[in-house]
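>>> test case, fold it:
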Amino acid sequence: MIAGPCSAETEDQLVATAHLLKATGRVTALRAGIWKPRTRPGEFEGIGSIGLEWLKRAKAETGLPTAVEVATAKHVEEALAAGVDILWVGARSTANPFTVQEIADALKGVDIPVMVKNPVNPDISLWIGALERINNAGITKLAAIHRGFSSYEKSAFRNEPMWDIAIHMKTLAPHLPLICDPSHISGNRDLIGYVSQKALDLDMQGLMIESHIDPSVALDRCQTTSYPSCFG
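Residues are numbered from 1 along each chain as shown. The predicted model follows:
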């Protein structure tokens, strides 16, 4: 179980969330968005590098390993220098081989765990290609994250699960850990339990759930679950 705020907003918010998650006894790593890619300018694009110092404090006080998304070589360098334990490549980055290659080049010489989200569009070749680029850089601790796919069709989900693609990935790479991100699939905290159970029924190895101490006032409104409903 990887959990934490979609975006680190303040030091107190991040550290308080970390302590609450630690207290559940079910969380194995703390995630937080430091740099956030946005569709349009002017939206909250993350607190930036100062958030890495907040993660250091959260880790020191709770013992939880930390995880952040990286989208550029500079992000990789700063995260590694700050002692971040796990990195992940976001869906928009996965869709761009040039971006993935830049991240892969920055990772050469280290073997930190790296997770790769599926691309925004339902293209399993792009997903596999991103994993291969990271692996070719010398990264051996790899995992894939299933976070659903964009679709013009309206449904109950923010991103369509397209479970068949996740199953196909498991068939192609049976030894690769596959983690589900029910928050991005759902877009609605009421669906978190359903999507999480479906992922576990499909033998996925873990969950990444966005968690916030007070989602109603989150700067990033993609928050889909609060601490009490995460683990109820």
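>>> for this structure, just list every one of the helices.
With DSSP state H as the criterion, the chain has helices at 11-24, 50-62, 73-81, 91-94, 97-107, 124-136, 163-172, 182-186, 192-201, 227-230.
>>> compare the ones you listed and give me the one nearest K154.
Taking C-beta to C-beta, helix 182-186 is the member of these nearest to K154, at 14.7 Å. Heads up, the C-betas are built off the backbone N, CA and C, glycines and all.
>>> check the offset of the closest one from the chain's centre.
11 Å (C-alpha atoms, centre = their mean, to the nearest Å).
>>> got the contact list for it?
Residues outside helix 182-186 that contact it (C-beta atoms under 8 Å, 6 or more residues apart in numbering): 6, 91, 146-148, 157-161, 191-192, 195-196, 199, 207-210, 222-225.
>>> now the residues you listed: which count as buried?
With neighbours counted using 16 or more other C-beta atoms under 10 Å, the contacts of helix 182-186 contain these buried positions: 6, 91, 146-148, 157-161, 191-192, 195-196, 199, 207-210, 223-225.
>>> if we can go back for a sec, from the helices of the chain, which stretch is densest packed?
With neighbours taken as mean count of other C-beta atoms under 10 Å, these reach their highest mean count in helix 182-186, at a mean of 27.
>>> mind saving the C-alpha coords of that one as CSV?
C-alpha atoms of helix 182-186 as CSV (Å, rounded to 0.1, in the frame of the first residue of the first chain):
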residue,chain,number,x,y,z
PRO,A,182,-7.7,3.4,-7.9
SER,A,183,-7.7,7.2,-7.2
HIS,A,184,-7.0,8.1,-10.8
ILE,A,185,-9.4,5.5,-12.1
SER,A,186,-12.2,6.5,-9.8
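>>> hmm, A32 is touching L55, no?
Yes. With contact defined as C-beta atoms under 8 Å, A32 reaches L55; the gap is 6.1 Å.
>>> which residues are in contact with each of these two?
A8, L14, T66, V68.
>>> related to what we said a few turns ago, among the buried ones among the contacts of helix 182-186, which lie within strands?
H146, L207, M208, I209, E210 (DSSP state E).
>>> turn the helices of the chain into JSON lines, columns for distance to K117 and mean pLDDT.
Shown next, in JSON lines, are these (distance: least, C-beta to C-beta, whole Å; pLDDT from 0 to 100):
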{"stretch": "helix 11-24", "distance to K117": "21", "mean pLDDT": "96"}
{"stretch": "helix 50-62", "distance to K117": "19", "mean pLDDT": "97"}
{"stretch": "helix 73-81", "distance to K117": "15", "mean pLDDT": "98"}
{"stretch": "helix 91-94", "distance to K117": "5", "mean pLDDT": "97"}
{"stretch": "helix 97-107", "distance to K117": "11", "mean pLDDT": "98"}
{"stretch": "helix 124-136", "distance to K117": "8", "mean pLDDT": "98"}
{"stretch": "helix 163-172", "distance to K117": "12", "mean pLDDT": "96"}
{"stretch": "helix 182-186", "distance to K117": "8", "mean pLDDT": "94"}
{"stretch": "helix 192-201", "distance to K117": "14", "mean pLDDT": "96"}
{"stretch": "helix 227-230", "distance to K117": "20", "mean pLDDT": "40"}
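>>> no more questions from me, cheers.
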